[in-house]
Structures are given as C-alpha cells and as structure tokens.
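Asker: structure, please.
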Amino acid sequence: MLTVFAFSLLLGASPLDSHLAFQEGKRLVEAFEYEKAVFRFREAARDESLGVERATALVWLGLTYVKVGEQSAADDAFLEAVRIDPLVALPPSTPPKILEALEGARRKLREERTAPTTTAPTTTGPTTTAPTTTAPTTTAPTTTAPTTTAPTTTAPTTTAPTTIAPAAAADDDPPAPAAPPPRSLLTIGGGALLGVGAVLVGGGAAMGTIASSSANAAFAATFQDERKALNETAADQALIANVLYGLGVGVVIGGGVALVSGMFGGAQ
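Answerer: The predicted structure follows:
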C-alpha cells in the first residue's frame, strides 16, 4: 500500500498543480464564473515556464471560450494547444460538442502539415530580331555606253526566335516535420496501470476481509457440516484475495516504471 501511495504522489506531480492562475481558473469554472475564468486561463497559457503543459491551459481556455459563446477564439486556442502537444485532452466530463471542436483542431493541424507547397513556373517570352534590308544602288549611264549596275539587294536577315524553356516547377518542399513523439503516452499509460493496480489491491484487501469474516463464522458455527462449508468458503475467498493482491502489486510496479520513464526518460 505504501508503494501505491508513493506512485500516486508521482502521478499528481504537474507544474499546473501549483500554478495559481490555472487553479483559480478551474475554481471559477466550477463556480460558473466563465468570464473571470477566461482571464485566469489566458494568463496561465502565456506562462512559458509551463513548457508542454501550456497545452492543457490552452484547452481549458478554449473550453471556457465556448462557455461564453466565443467559438472562433475557442478554435484558435484549441489549434495552438495541439500544436504544442498533439495528444492534449480535455477533462472526461467535457460535452461532445467541445470535444469535437478539439478534434477539428487536430484535423486542421494534420492538413497544415501535409499540404504541399508549389512554386509557379517562370516563362521568358520569345526574342525576335527584325529583318534588315539594304536599299538597291544604281549608277547613272555615261554617254559612251550606258552602263547600268544591277541593283544589289541584300537578303533580309532574320534571327530565329529564341524561346527559353519554362523553368521546371520547384520540387515540393520537404514534408512537414513529423509530430513530436507523444511525450505523455508513457505517463498516461503508467497512470492508468497505477489506477488498475490500486483497484486490484483494494479488491484483494476487501476479499481478504470477507474471507476473515467467513472464517470467524465457521469458528462460531454450531454444526460440523456448517462449519466445514464455511471453512471451505473462507479458503476460496482467501485464495482469491491473495491472487488479486499479488496481481495488483505487479500492475502497480509496472505502472510505476512506465510513469517514471515517461516523466524522466527524456521523451520530449
């Protein structure tokens, strides 16, 4: 049980737990004071020291914007949140309409990262040189014998048009960088395992109590047949309690290892 308590403390460790603006915003939401909560969550979302946890502050800001009827501002907050942490999630009790808005932000982010960028081709028009013609030259006749020089005409010179082939379209930009590895997967998985392990350990403890009650009833039974039946029942219940307790401890240990790996294993 001490192990469960220690890992439960680790699970709750988050910069937001001690962030005054964020916690005040949650309190205001619970009190239905959404307009005041917007300002507190906006303050938390601007705090760069929160790192990736800013995404959680942003989804709470988006949720509160929806509550006050500012859907466009909510969509912007959700989009900024998934850009920081694509796996960020809203509280489990969030209405489906708001959950769909967050999923819409995830789809928009995927479209932004997969949309190709195309550069328009550049074309240079043809260059043509106009033909050049030399006028004919004629010599006047003399009195002795008319001498006529045939006109000399220089054939026009035409330069064939030169066309520069259009530049090939630039290759598509390299694909957008893949989303950062889900830093919180191990943390979420470890936390879930810790919860399951705690339930199993609790079930084992409860079954042990029931087995003890059955054994006490057998001890107090008047008839031998009744005592035997109660002892058999107590033995079965004790076996189930031991199995549940052992399985729960194993799951807690596995969840603790996953949680510590997710939080301190360098997956950023």
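Asker: all contacts plus neighbour counts: C-alpha atoms, from now on.
Answerer: Will do.
Asker: ok, now how distant is Gly256 from Thr187?
Answerer: 9 Å (Cα to Cα, to the nearest Å).
Asker: and these two? Which one has more around it.
Answerer: Neighbour count, other Cα atoms under 10 Å: between Gly256 and Thr187, Gly256 has more, with 26 against 22.
Asker: enumerate every residue touching the more buried one.
Answerer: 7, 190-191, 193-194 (Cα atoms under 8 Å, 6 or more residues apart in numbering).
Asker: can I get these in CSV with distance to Phe264 and neighbour count?
Answerer: Converted to CSV, the contacts of Gly256 look like this (distance: Cα to Cα, whole Å; neighbours: other Cα atoms under 10 Å):
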residue, distance to Phe264, neighbour count
Phe7, 14, 21
Gly190, 13, 27
Gly191, 14, 23
Leu193, 17, 23
Leu194, 17, 29
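Asker: in CSV, list those residues along with pLDDT, secondary structure and distance to Val38.
Answerer: Below are the contacts of Gly256 laid out as CSV (pLDDT from 0 to 100; DSSP: H, G, I helix; E, B strand; the rest coil; distance: Cα to Cα, whole Å):
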residue, pLDDT, secondary structure, distance to Val38
Phe7, 38, helix, 33
Gly190, 78, helix, 32
Gly191, 84, helix, 29
Leu193, 84, helix, 34
Leu194, 85, helix, 33
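Asker: which of those sits closest to Gly104?
Answerer: Gly191 (26.9 Å; Cα to Cα).
Asker: the closest one and Val260 touch, don't they?
Answerer: No: assessed by Cα atoms under 8 Å, Gly191 is found out of contact with Val260, at 9.9 Å.
Asker: common neighbours of those two, please.
Answerer: Common neighbours of Gly191 and Val260 (Cα under 8 Å, 6+ apart) do not exist.
Asker: could you find the closest non-adjacent residue to Ala105?
Answerer: Leu79 (4.8 Å; Cα to Cα, 6 or more residues apart in numbering).
Asker: residues in contact with Phe39?
Answerer: Phe39 neighbours (Cα under 8 Å, 6+ apart): Gly25.
Asker: helix or strand for it, which one?
Answerer: Phe39 belongs to helix 34-45 when assigned by DSSP states H and E.
Asker: would you map the helices across the stretch 1-150 of the chain?
Answerer: In the stretch 1-150 of the chain, the helices defined using DSSP state H, counting those that start in this stretch lie at 2-11, 20-30, 34-45, 54-67, 71-84, 96-114.
Asker: among those helices, which comes closest to Thr233?
Answerer: The nearest among the helices of the stretch 1-150 of the chain, by Cα to Cα, is helix 2-11 at 29.3 Å.
Asker: quick one: average pLDDT of whichever helix in the chain runs longest?
Answerer: Ranked by residue count under DSSP state H, the longest helix found in the chain is helix 224-264. Computed over helix 224-264, the mean pLDDT rounds to 84.
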